[in-house]
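Student: Structure, please.
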Amino acid sequence: MSGCCSACGEECGDLISLGFTQVCRYCFRETCLEEPLLEDFGPDFLERQGADFFLSWWWGGDAYLTEEEKLEAVKSIFAKREKRFPEEARTARREYIREVFPEWEDYLRGR
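Tutor: This next block holds a predicted model:
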């Protein structure tokens, strides 16, 4: 597609269509990061990228969650899975206690 780039106004023989606008390859990246495109197409894109987005948000430090909030979320997930897979939960507890056995012994002795 050829014509004028809607971002820089230059004549271009190779325009890229971004929904409501056409831009040259030089303006493409900047245009992709503009707020209207992020608002219009971002939610669907992030849904498709779900695991990558949410896990990088959570573990990448950008979540702005306190350790308490993270712990609450993980406990909630564990409780839901425990209802569906009780044996898996029992096994996870047992394996964890084996991994931290000295702390487990101290805990039991202190009771």
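Student: how about the helices in this protein?
Tutor: According to DSSP state H, the chain carries its helices in the segments 28-32, 35-48, 50-59, 67-84, 86-99, 101-109.
Student: Tell me which of these sits most buried.
Tutor: Highest mean neighbour count of the helices of the chain: helix 28-32, a mean of 14 (counted as mean count of other CB atoms under 10 Å). Where you see a C-beta, it was placed from the backbone N, CA and C, and this is true even at glycine.
Student: what about Cys12, how many residues close to it?
Tutor: By the criterion of other CB atoms under 10 Å, Cys12 has 19 neighbours.
Student: Quick check: it touching Cys5?
Tutor: Yes - look at Cys12 against Cys5 with CB atoms under 8 Å: they come within range, at 5.2 Å.
Student: avg pLDDT for stretch 44-59?
Tutor: Regarding stretch 44-59, the rounded mean pLDDT is 83.
Student: Dump that stretch to CSV, restricted to CA.
Tutor: Taking C-alpha atoms only, stretch 44-59 is exported to CSV below (Å, rounded to 0.1, in the frame of the first residue of the first chain):
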residue,chain,number,x,y,z
ASP,A,44,-6.9,-8.6,23.5
PHE,A,45,-3.1,-8.9,22.9
LEU,A,46,-2.4,-9.4,26.6
GLU,A,47,-5.1,-12.0,26.9
ARG,A,48,-3.4,-13.9,24.0
GLN,A,49,-0.1,-13.5,25.7
GLY,A,50,-1.6,-14.4,29.1
ALA,A,51,1.0,-16.6,30.7
ASP,A,52,4.0,-14.6,29.5
PHE,A,53,2.5,-11.2,30.5
PHE,A,54,1.1,-12.1,33.9
LEU,A,55,4.1,-14.2,35.0
SER,A,56,6.6,-11.5,33.9
TRP,A,57,4.4,-8.9,35.7
TRP,A,58,4.3,-11.0,38.9
TRP,A,59,8.0,-12.2,39.0
